[in-house]
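> Okay, here's the prediction I keep looking at, along with the sequence it came from:
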Amino acid sequence: MYASVIEVLEIVKEEGVHDQQSVEAGVLIDIMESFDFIFTMHLMIEILGITNELSQSLQRKDQDIENAMKLIQISKQRLQLLRENGWNGLLDEVSHFCGVLKVVVPNMNETYKTHRRSVRGGEYKTNLYHYHVDSFYTVVDMQLQELNNRFSESSAELLLCMPYLNPSDSFRAYVEKKLICPAESYQSDFSIIEVIALKNQLATYIIDMRTNEEFSYLRSIADLAKQIVKFKKNDVYPLVYKLITLSLTLLVATTMVERAFSAMKIIKHRLHSRMGDDWLNDCLVPYIEKDVFDLILNEDVI
């Protein structure tokens, strides 16, 4: 669509109803026909292409935790490969694109000329350093850091252990060793003695569940929790029940991340594109938790 957009802007520049339209169209053409814009555009395509499947997966209502966690690992690996081996390919692609459209490609060994007023005594850097280090490395590292912050190894491991609690098909997914792992991670909820006791409790629990008709037709962990309380199995297997409730809480936390992604599209729109992280967080909380904030009167806030 790039060539078509340029063509439309040229028409607006020549035939604009107001002088301001013509001027704005001319400014946009100058920006879009610069190496900076084309480089940034191609870098965005690379980044968004790598994270697209993950983004779509996190926004689905019927979230598949196991596949989502796998996509997180794949996205991290692909971003790391892009960082290590993707620079030359990206630069060649951008240079070819510029060549087709007759856009000047700067000499990478020359000094980078910034559009901002230069600081006296400031350090000079080459075009290669600016595009390779300041732009390419910085953007890729930001994406990796964001994924690591939102989905740490410990939280990913906990989420991957959850499917082993699934009661479907007479608890076919059950693996004792995989369920001990999250208990060891929740050190504030499970003491060392309780982890040891959990191993024995799980062995009794799974035999009970598989031989009890009341638990043979369950389809989700939430259904399992309800049924356990209904038949007072939470008193018989308190440690297992605690593990189940913690797993359900983890799902809620993951859903909150998903809701935050969706809300960001509404809160941080074109007119609020320069919103800082702190201000964005403050705006997201009341938007996501509408039910809570609707109960607070404006007079109380004032």
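That came through fine.

> Name the nearest residue to residue 206, sequence neighbours excluded.
Once flanking residues are discounted, residue 206 sits nearest to residue 174: 5.5 Å by CB to CB, 6 or more residues apart in numbering. For the C-beta atoms, the positions are set from N, CA and C on the backbone; glycine is no exception.

> What is the neighbour count of the one you found?
If you count neighbours by other CB atoms under 10 Å, residue 174 ends up with 18.

> Next one: it from residue 94, what distance?
52 Å (CB to CB, to the nearest Å).

> sorry, back to before: give the full set of residues in contact with the residue nearest to residue 206.
Residue 174 sits next to 164-165, 206 when contact means CB atoms under 8 Å, 6 or more residues apart in numbering.

> Filter these down to the buried ones.
164-165, 206 (16 or more other CB atoms under 10 Å).

> give the contact list for the closest residue to residue 210 other than its chain neighbours.
In this structure, residue 210 finds its nearest non-sequential neighbour in residue 170, 5.3 Å apart by CB to CB, 6+ apart. Taking CB under 8 Å, 6+ apart, we find residue 170 in contact with 209-210, 216.

> Please state the backbone phi and psi of residue 170?
Residue 170 adopts backbone torsions of phi 60, psi 50, taken as degrees, to the nearest 10.

> how far is stretch 17-34 from where the chain is centred?
Centroid displacement of stretch 17-34 relative to its chain, using CA atoms, centre = their mean, to the nearest Å, is 35 Å.

> what's the answer for stretch 44-63, then?
On CA atoms, centre = their mean, the centre of stretch 44-63 falls 8 Å from that of its chain.

> Same check on stretch 189-204?
With CA atoms, centre = their mean, you get 34 Å for stretch 189-204.

> that older thread, so the residue nearest to residue 206 versus residue 166, what's the distance?
Distance from residue 174 to residue 166, by CB to CB: 8 Å.

> need the buried ones among the contacts of residue 174 in a markdown table with pLDDT, distance to residue 133 and secondary structure, can you?
Listed next are these as a markdown table, based on pLDDT from 0 to 100; distance: CB to CB, whole Å; DSSP: H, G, I helix; E, B strand; the rest coil:
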| residue | pLDDT | distance to residue 133 | secondary structure |
| --- | --- | --- | --- |
| 164 | 82 | 44 | helix |
| 165 | 83 | 46 | helix |
| 206 | 92 | 54 | helix |
